[in-house]
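> Kindly return the folded structure for what I paste below:
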Amino acid sequence: MNALISVEQHRARILEALDPLAVETVPVDAAGGLVCAVDARAALDIPVFDNSAMDGFAVRADDLAHATAEAPVALRVVADLPAGSSDDPELRSGEAARIMTGSPVPSDADAVVPVEHTTAGLADSLTRTEVTIAPTRGQHIRRRGTDLVAGDVVVHAGEELTGFRLAALAAAGIAEVVVRRRVRLAIVSTGSELVSPGDPVRRGQIPESNSVLLGGLATEAGAQVVHTGRVADDAEAFRATLAAAADAGADVVVCTGGVSVGAYEVVRDVLEGDRVRFDKVAMQPGKPQGFGVLDSGIPVFCLPGNPVSVAVSWETFVRPALRHLQARRELDRTLIAVPAATGWRTPPGRRQYVPAALDRTDPGAWTVRPATAGGSGSHLAGGLAQAEAYAVVPAEVEAVTAGDLVTVMLVS
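Down below sits the predicted model:
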C-alpha cells in the first residue's frame, strides 16, 4: 500500500473504470425500482379531455348570471353524463347536463355547477334543476393538457421509477419504458473466524454479518444479489468463490476482509497486482481499500472486514458506483447541516464517518449524536441498529463539540 490518498481520489478511480449497464424495454407495471434510461415522453395530454371537477351540472354560465338563493334559476336537464361516458350532448340556452366528477364536459358548456349550489340533490334532478349561485366561466372544469401535453417529458433519464413516477407514466398513456437493468451483485465474506449467525461460537469466532449487511444495502439500492459466498482465509477457496460469482452472472463483486497488512490477508494476497490496486484512504473507518477488475472483466471492491467499515465503505464507494452503472442522475445521498448534541473525538488527518442518530423531537431544531458511545469504532456492529445517518467530519477538524454544525448524510 502507498501513502494516504483522499476519498475523492479513490472514488474517481472507481467511477472511471465503470460503464453504464445495457438498457432494456419493460412494461410499466414491471419497472418499479428500475432507472429510466431514456426520457419518457407523454403519449397523451393530462387531463386527456376537459372534465368535471365536481358532481353537479354542466351549464352555460350566461344562463345563470343572476342566480341567487332568493331567486334561483331553473334549467332543463337534457343529458346524464356518468364517468366514462363519451357523449357530447348539445346544450341550448336554459339547458344543463347532469355530470359526475371526471366526466367529459359538453362542448357547449363553459362551467360546472356543483350539486351543493342547487335546490335539490342529484337523484331529484334528472329532468330539472334550480341553481342558487351564479357560476363563473371555467368554474370546476379541469382543462385538457393543464398538467402535461403529449410529447412532454414525464420521467427523465437517470431517475428511479418510483410508484409516483410509474403512475404518471401510466396516466400519460405510456405502456413500456426503457430502463437500465438491475446491477447483479456478488458478495464474498472472508475470514477463518466467521460462523453462520445462530451457530455455536467458540473462542476466536464471531457471527458473519457482512453478507447480511451488504445484501440488505444492495436490495435498498435496487441491486440483485446473484451470489453470496463465505470463505476461510484460503487462497484456493477464495478463487473458487470468485469463479462462482462469474458463473452467476455478477456485474460487480464486493469482498469483505483480507485487505489490510496482516499475515492472513487472503483477498490482497490473491488479487493485488496490475489489475487490482490496494490503497490507504484518508478516512475513518475504512482506511484499507481495494478496487480493480478481475481477469473475468468483473469489477471488484475489496472492503475492510469490520462491519462499520463495510457500511461506511458501501456508502462512500460502492453505492455511488452502482448508481453510476445505472446512469442515475444523482449518485450521492442528501447532506444536511445539523448541530451536534454532544462532542466527540476525531482522527487526525482523516475524514470521519460516524454512524449517527438524529433527535427530531423539535422539527425545527434537529440535533445529531453518535449512535453508540464508541463513535466510529469499526467493530461496533450493534450500534448500526440505532444509526440512521452518518456524521461526516472533515479531516482538518480536530474535535467536534456540542453545538457545532455537522454535515450529516441521511441514509434512512
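> Check the secondary structure at the closest residue in space to Val267 that isn't next to it in sequence for me.
Of all residues beyond its chain neighbours, the one nearest Val267 is Gly258 (3.5 Å), with distances taken as Cβ to Cβ, 6 or more residues apart in numbering. Any C-beta I mention is one placed from the backbone N, CA and C, and that applies to glycine too. Following DSSP: H, G, I helix; E, B strand; the rest coil, Gly258 is assigned to coil.
> Gly258 and Val266 touch, don't they?
Yes. The pair Gly258 / Val266 is scored as a contact, 4.4 Å apart, by Cβ atoms under 8 Å.
> sorry, back to before: how near is the residue nearest to Val267 to Ala246?
The spacing between Gly258 and Ala246, counted by Cβ to Cβ, to the nearest Å, is 19 Å.
> for Val261, same thing?
Counting by Cβ to Cβ, the gap from Val261 to Ala246 is 28 Å.
> Those two - which one has more neighbours?
Shown here are Val261 and Ala246; by other Cβ atoms under 10 Å, Ala246 has more neighbours (16 against 10).
> wait, is that one part of a strand?
No. Assignment of Ala246 by three-state DSSP gives helix, placing it outside any strand.
> Verify the contact between it and Asp295 for me.
No. The criterion here is Cβ under 8 Å, and Ala246 misses it with Asp295 at 9.3 Å.
> Which neighbours do Gly258 and Val266 have in common?
190, 233, 238 (Cβ atoms under 8 Å, 6 or more residues apart in numbering).
> Highest neighbour count among those residues?
Most neighbours among the shared contacts of Gly258 and Val266, by other Cβ under 10 Å: Thr190, with 28 neighbours.
> Could you pull up the contacting residues of it?
Shown in contact with Thr190 (Cβ under 8 Å, 6+ apart): 230-233, 238, 255-258, 266-267, 305.
> Quickly note the distance from it to Val270.
Going from Thr190 to Val270 by Cβ to Cβ gives 10 Å.
> Spell out which residues are contacts of both of those two.
Common neighbours of Thr190 and Val270 (Cβ under 8 Å, 6+ apart) are Phe238.
> Need the pLDDT of Asp274.
With respect to pLDDT, Asp274 scores 88.
> Is it part of a helix or strand, or is it coil?
Applying three-state DSSP: Asp274 is coil.
> who's in contact with it?
Counting by Cβ under 8 Å, 6+ apart, Asp274 has no contacts.
> now do Pro299
Neighbouring residues of Pro299 by Cβ under 8 Å, 6+ apart: 14, 17-18, 251-253, 291-293, 321.
> and with 7 Å instead?
Listed by Cβ atoms under 7 Å, 6 or more residues apart in numbering, the contact partners of Pro299 are 17-18, 252, 293.
> and which of the residues you listed is nearest Asp359?
Distance to Asp359 across the contacts of Pro299 (Cβ to Cβ) is lowest for Val252, with 36.3 Å.
> The closest one and Val183 touch, don't they?
Yes. When contacts are counted by Cβ atoms under 7 Å, Val252 is listed as touching Val183 (6.2 Å).
> contact partners of whatever helix or strand Val78 lives in?
Using DSSP states H and E, the element containing Val78 is strand 73-81. Contact with strand 73-81 is made by 59, 63-64, 66-67, 87, 89, 91, 94-100, 103, 125-131, as judged by Cβ under 7 Å, 6+ apart.
> Pull out the buried residues from those residues.
59, 63-64, 67, 89, 91, 95-100, 103, 125, 129, 131 (16 or more other Cβ atoms under 10 Å).
> Which of these fall in strands?
Members of the buried ones among the contacts of strand 73-81 lying in strands (criterion: DSSP state E): 59, 95-99, 129, 131.
> With pLDDT and distance to Val115 added, can I get these in CSV?
What follows is those, written out as CSV (pLDDT from 0 to 100; distance: Cβ to Cβ, whole Å):
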residue, pLDDT, distance to Val115
Val59, 98, 12
Glu95, 98, 17
Ala96, 98, 12
Ala97, 98, 13
Arg98, 97, 9
Ile99, 97, 10
Thr129, 97, 9
Val131, 97, 10
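> need the helices for the stretch 101-250 of the chain, in chain order.
Remark: helices assigned in the stretch 101-250 of the chain by DSSP state H, counting those that start in this stretch are 163-171, 210-220, 235-247.
> Domain ranges for this structure, per the record?
The chain breaks down into these domains under automatic domain parsing: 7-21+181-325, 23-47+146-180, 51-142, 335-410.
> Determine which of these shows the lowest mean per-residue pLDDT.
domain 335-410 - the lowest mean pLDDT of those, at a mean of 90.
> Kindly list the main-chain dihedrals of Leu161?
phi -90, psi 90 (degrees, to the nearest 10).
> wouldn't Pro347 be in contact with Met283 here?
No. In this structure Pro347 lies outside contact range of Met283 using Cβ under 7 Å: 8.8 Å.
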